[in-house]
Structures are given as structure tokens and as C-alpha cells.
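**Student:** For reference, the sequence and a predicted model appear below.
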Amino acid sequence: MIVLAIETSCDETAVAILRDRELLDSEVASQAAQHRQFGGVVPELASRNHLQYLPNLLQLALAKAELAVDEIDAFAATSGPGLASSLLVGTSAAKGLAIGAGKPFLAINHLEGHLLSPFFGRPELVPNVSLVVSGGHTLLVQVDGLGDYTLLGRTLDDAAGEAFDKTAKLLGLGYPGGPEVEAAAVSGDPLRYNLPRSMLGSGNLDFSFSGLKTAVRYLLARVTGDGETGAYSAGKSKDSKMVADFCASFQQAVIDILREKSLQAVRQIRSDYLAVSGGVSCNQSLRENLQEACDRAGIELLMAEPWLCTDNAAMIAFAAMARLKANDVSDVTQEIDPNLALVG
Ligand code: KG4
Ligand code: ZN
């Protein structure tokens, strides 16, 4: 079986082709450079770029996979959650291709793409506790099989990736913030600034990152003397040691929250596996912290390779292949849902 998948839920235009378990090609055209000047994703610009990039990307992927369109068995696209105008571009293209070729269409939940990505290249999906941690979502999910998901906890406000992005913005670093904060944190002292680890003692598996964001703002205002906004304004000369220590302290606070909540969930479910996915799971310190904690607790940690953690179409193709093999295809009339949930 050969699946071609399109991912356009946010600001990455991506196409991948998967033959059973073999990835034939994966293309990602990032728009980050264009959105950087606005300090975040501009939906109108994102959808226009998807329209512009997608035809070439489809041709490129087919050429690299050495396939013609009529050799594809099914066409998939992310149908939500995400930006409506961006989702429409990818799903319309996949539907058009499916109708033209007389092949099935699969509408894939972006979160399921992330959730299953740690199993890419592994022999089977095992029951696990899954932490999905991205720019728009922070979820803990009990996974008992394909489509058999139980929500254990979620963020009540900001996502962890959003906290990275907002902190980077306040520090005058670039977009997306995660990689910038991680790079600055390398030479920083994580113990210099004391930031809150919200909801660790809440007795449930929900998260909250808005308190951390507010604490960052106030602390930064105090440290820089930039009382009003708490932001390092452009052009202001920066204390690079302070920025490094600030990033390291912030990053460690997020890591501590994600690690402790995930371990609580694994203990509660008595699972043998913790799977971690989504853009924030690229973070090397998070990966190392989780690995150490899981080794100590005798839990097997499953993480996708970093290139599969941020948005891509290979994870959408992988989820679509699992759905196709389970004969769970979609009707071409199925609409996008910008607020699509993972669990009903
Ligand atoms: O999964 P993703 O590509 O898109 C969403 O579905 O949201 O995740 C993007 C998020 C952004 O907030 C970005 O700052 C964060 O993942 N991120 C990171 C790192 N790389 C990306 N956060 C921390 N450390 C990183 N290295
Ligand atoms: Zn994502």
C-alpha cells in the first residue's frame, strides 16, 4: 500500500509518501522565516504560502519517490486541529487527488499524527501513556490501541510550546521560540532564577503554563528594569549571561513539570511505556531528563526522532497507513475542524 499525505495545519507545508512501513519521501517547506518578522504565525500569510508551495512539493515528492499519481493507493491530509484557512488548502488538494485518481481519502487528526509518531519504524503500537507536547497542545493520553484513547490530563491554559514562544518573545529572541530558548540555555545556569512549577501537587494530571508565563514577565521586568512591559525591547543591549541563565531556568521549570506529570500518569495507569511527541519533544534537555527519570523508574521511554517531532507529513502518512489498514477511510465530504479533539 502506498499513501501520500499532506500536512498544512499551521505554517509548515509538508508532503510525504509512505509504502507500508518504508518512508519513500518526506518534504517540509517551513515558512518560519516569513512569520518571524511578525513574531508569530499570520494565518492569511500561511494559507497563501501553502497554496503557492504545495503543487511543487507534491511534484517533488512524487519525483523523489519515483512514482506517478496513479500508483498511489490513498491520499491523506490533516483535517484538524489547526488554522482553518491552512487546513482547507491541504485537505482540498488531497480530496482533489483522491477523486481524480478514484482512490480513498483519509482525514487525519494532527494530534493522532503526533501521538503515533514515536512508533514510526517500530514493529507495533504498544499500550502506553503518551505525552503530546507542541505549540498548540499539551496532553497526557492513555493509549490502548489505534483510536482507543483516553484523555488523562491537558493544559488548562497555554501549551508548553506556547510558553517557550512567549518567553522567547519577551527576551527578544526569534520565532519559533523553543529552539532559540534551548540554544541560549546551553550556557545558562538553571538554578539562577526561581520560577514556579504550577500544579505539580494538584492531585490530577492537568497542566497550567500561564502562571509560569506571568512569572517570567514580572521577573524579567525586575531583572532588566524594563518595568512596564517586562520585555527586552529591540535594539536594547542585552546581558547575554542573564538571557542564558533566564532561558536555562525557564526551560528547567517546563521540563520539571512535564517530567513529573508524565511519571505520575505512568504510575497511575501502571504502564510500562511513556511515549513523547510534538515539537517541544525536540528539546535535548527534555529528552535527557525524561530518559534519566524513566531509567530510574524502570519505564521504557519511546520518542520519535527529532525530525519527526515538529510538524511534518510523515507522521500523517503513518497514521493514515494505520487507518487505511484498519479500513477506516473518510468520506470526501468530511469537513475540516479547526478545533478537532483527539478524544471525542
Ligand atoms: O508540533 P509543532 O511543530 O507544531 C504544533 O503542532 O504546535 O510544535 C511547535 C512548537 C513551538 O511552540 C516550538 O517553539 C516548539 O514546538 N519547539 C521547541 C523546540 N523545537 C520546537 N520547544 C522547545 N525546545 C525545542 N528544541
Ligand atoms: Zn504539531
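**Tutor:** Yep, that arrived. Numbering: from 1, shown residues only. Ligands and ions are numbered 1, 2, ... in the order given.
**Student:** Angles on the backbone of V89, please.
**Tutor:** When quoted as degrees, to the nearest 10, the phi and psi of V89 stand at phi -70, psi -50.
**Student:** Next: P127.
**Tutor:** When read as degrees, to the nearest 10, the backbone of P127 gives phi -60, psi 140.
**Student:** Next, see if the helix or strand that contains Q291 gets close to ligand 1.
**Tutor:** In the assignment (DSSP states H and E), Q291 maps to helix 284-297. No - remark: helix 284-297 sits outside contact range of ligand 1, by CB under 6 Å from any ligand atom, the gap being at least 7.0 Å. Glycine gets a C-beta too; all of them are placed from N, C-alpha and C.
**Student:** pLDDT (mean, whole number) over that helix?
**Tutor:** For helix 284-297, mean pLDDT rounds to 98.
**Student:** Go ahead and report the secondary structure state at Q142.
**Tutor:** strand (DSSP: H, G, I helix; E, B strand; the rest coil).
**Student:** And for whichever residue of the stretch 1-150 of the chain sits closest to ligand 2, the neighbour number?
**Tutor:** Closest to ligand 2 within the stretch 1-150 of the chain is S134: 4.4 Å, counting by CB to the ion. Look at S134: counted by other CB atoms under 10 Å, it has 24 neighbours.
**Student:** Offset the numbering so it begins at 27, please.
**Tutor:** Happy to do that; since the first residue is 27 now, the last one works out to S160.
**Student:** Next one, pLDDT for it please.
**Tutor:** Looking at S160, its pLDDT is 96.
**Student:** if I pick the most centrally placed residue in the chain, what's in contact with it?
**Tutor:** Of all residues in the chain, the one closest to the mean position by CA atoms, centre = their mean is G304, 3.0 Å from it. Contact analysis of G304 by CB atoms under 8 Å, 6 or more residues apart in numbering lists H140, L157, V158, V159, S160, H163, G187, C335.
**Student:** Kindly report the same for L44.
**Tutor:** L44 neighbours (CB under 8 Å, 6+ apart): I28, V29, A31, L50, A340, A343, F344, A346, M347.
**Student:** Relative to I98, which of those is nearest.
**Tutor:** I28 (5.3 Å; CB to CB).
**Student:** Which helix or which strand is home to L226?
**Tutor:** Counting by DSSP H and E, no helix or strand carries L226.
**Student:** Which SSE is immediately downstream of the helix or strand where L284 lies?
**Tutor:** Assigned by DSSP H and E, L284 falls within helix 266-295. Note on helix 266-295: by DSSP H and E, the next helix or strand toward the C-terminus is strand 299-303.
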